[in-house]
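Chemist: Build me a model:
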Amino acid sequence: MSDLFASAGLENAAPRPLADRLRPQKLAEVVGQEHLTGEGGALTRMIANRSLGSLIFWGPPGTGKTTVARLLARETSLHFEQVSAIFTGVADLKKVFEAARGRRAIGQGTLLFVDEIHRFNRAQQDGFLPVMEDGTITLIGATTENPSFELNAALLSRARVLVFKALDAEAIDKLLQRAETLEGRRLPLAPEARAALAGMADGDGRYLLGLAEELLAQPDGPDLDVAGLAATMQKRAPIYDKGQDEHYNLLSCFHKSLRGSDVNGAMYWAARMLTGGEDPGTVFRRLCCAASEDVGMADPQAMPQVVAAWTAFERVGWPEGRLFLAQAIAYVATAPKSNAAYSAFNAALALAQKTGSLAPPKHILNAPTKLMKELGYHAGYQYDHDFPDAFAGQSFFPEELAGDPRSDFYTPNERGFEREVKKRLEYWARLRAERQGGD
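Modeler: Residues are numbered from 1 along each chain as shown. Below is the predicted model of the structure:
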């Protein structure tokens, strides 16, 4: 039926949403993702070098993931096929793969775009591997979830992850200007209401254009202020730009107050954010970060305290929930501070990246098979609980890093509970020196 409409020219006359009419026709027209689509961007380089491979697009909704996938297919002369993990099963995928094999047989490649790819289970994700490896498809998966946690390692090893950013103020303004140009009229908004409209969109271009379309359909009249915009759209306008500069500024003030042990300052900045319409979850997330980054092992109870307060808040809600938030802020702000664990892990990451895939020592590898035993796996391992101190003192680093001062990451301080941790490390260091010296 759709073919009949298209052949009669009726499809083009059908009303189309503003977001669809403004869909970019080439990569350079995509806004907000210049690190990918601009001059020198990752995707621009791939196209220029004819090196497009399978990709995972990770980013929030309305940032252009589907549009960019379509444009890549056009730029590379690949057949574009789109499926959604929400509505697609194994049988559907098999049909898609068979059709792609048929096109490949006549020299036509296929770019398969899978929306919400993280919703496929592990077995379904594994089903993509053979057709990716033999070139039947070039896969582009889109996800709003962290691929490290939601996608199989095997799939990730065959695809490059590209991060899409929420649209910033500049990108949002470009979209609004394009909408006004296309419609031949300006949005009936005062400057502060225009900024509030951008805040309502929260970095989602598709949602922004939906709001703009409603406003552009309004009859002529005076420009709307923030209150008029909220009344017209039946949505609460943000009191402050919680998706942009002031949002990050107040979060920074809050976190630095926590780090600086200023409980009053921390409570003030938290109150400023909440009265400005901020999601309490954002404040709790920052508290979790401070409890780990700035308190850490100086008081290991800081993180459980914050998580317990957050859980209680979600169960009870506002206004009573402010009690739990206040307690968590007071605990983190007044706790002893140490960033030793945070700094240690950063050093570990840097060393791991620098030294590559060093082989682990065989004595700490399990040997479930005869061959592995013959190769020396598990040989010489000392079971710590066989020692009076439950400490054998063996090395757990690759041979190349054993005893390397660069691998001494964690240096606790004398504040709070870390004083006790430091004593333990010094005690184990003495035992290790004695036992390794006696070997």
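
Chemist: May I have the phi/psi pair for the residue nearest to residue 373 when sequence neighbours are not counted?
Modeler: Take residue 373 and drop its neighbours on the chain: the residue closest to it by Cβ to Cβ, 6 or more residues apart in numbering is residue 367, 4.5 Å away. Just so you know, the C-beta spots here come from the backbone N, C-alpha and C atoms, and that holds for glycine as well. The phi/psi pair for residue 367 (degrees, to the nearest 10) reads phi -130, psi 70.

Chemist: need the contact list for residue 367.
Modeler: Contacts for residue 367 (Cβ atoms under 8 Å, 6 or more residues apart in numbering) come out as 373, 377, 378, 379.

Chemist: got it, and residue 403?
Modeler: Counting by Cβ under 8 Å, 6+ apart, residue 403 has contacts residue 395.

Chemist: my guess is it is in a strand, correct?
Modeler: No - the assignment for residue 403, made by DSSP: H, G, I helix; E, B strand; the rest coil, is coil rather than a strand.

Chemist: Show me where the stretch 51-200 of the chain dips below the pLDDT cut-off.
Modeler: Nowhere does the stretch 51-200 of the chain drop to pLDDT under 70.

Chemist: quick one: the strands in it?
Modeler: 55-58, 79-84, 110-115, 138-143, 160-163 (DSSP state E, counting those that start in this stretch).

Chemist: before we move on, the earlier item: report pLDDT for the residue nearest to residue 373.
Modeler: Looking at residue 367, its pLDDT reads 86.

Chemist: Next: the one 5 residues further on.
Modeler: Per-residue pLDDT puts residue 372 at 85.

Chemist: Name the next helix or strand downstream of the helix or strand containing it, please.
Modeler: Under the criterion of DSSP states H and E, residue 372 resides in helix 370-374. Once the chain leaves helix 370-374, the next helix or strand it forms, by DSSP H and E, is helix 418-437.

Chemist: and for that next one, what are the contacting residues?
Modeler: Contacts of helix 418-437 (Cβ under 8 Å, 6+ apart): 296-298, 336, 338, 340, 389, 391-393, 410, 412-414.

Chemist: Check the residues you listed against residue 121 and report the nearest one.
Modeler: residue 296 (36.2 Å; Cβ to Cβ).

Chemist: Report how many residues lie close to the closest one.
Modeler: Using other Cβ atoms under 10 Å, residue 296 has 28 other residues around it.

Chemist: Nearest residue to residue 19 in space, ignoring adjacent ones along the chain?
Modeler: residue 209 (4.1 Å).

Chemist: okay if I get the strands of the stretch 51-200 of the chain as CSV plus distance to residue 247 and mean neighbour count?
Modeler: CSV is the format used below for the strands of the stretch 51-200 of the chain (distance: least, Cβ to Cβ, whole Å; neighbours: other Cβ atoms under 10 Å):
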stretch, distance to residue 247, mean neighbour count
strand 55-58, 21, 24
strand 79-84, 31, 16
strand 110-115, 28, 24
strand 138-143, 24, 24
strand 160-163, 20, 15
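
Chemist: could you redo these as TSV and give each row distance to residue 253?
Modeler: Formatted as TSV, the strands of the stretch 51-200 of the chain follow (distance: least, Cβ to Cβ, whole Å):
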stretch	distance to residue 253
strand 55-58	29
strand 79-84	41
strand 110-115	38
strand 138-143	33
strand 160-163	27
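
Chemist: Walk me through the domains of this structure.
Modeler: Domain assignment of the chain by automatic domain parsing yields the ranges 33-163, 169-233, 245-334, 352-437.

Chemist: would you turn those into CSV with distance to residue 19?
Modeler: CSV is the format used below for these (distance: least, Cβ to Cβ, whole Å):
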stretch, distance to residue 19
domain 33-163, 9
domain 169-233, 4
domain 245-334, 25
domain 352-437, 40
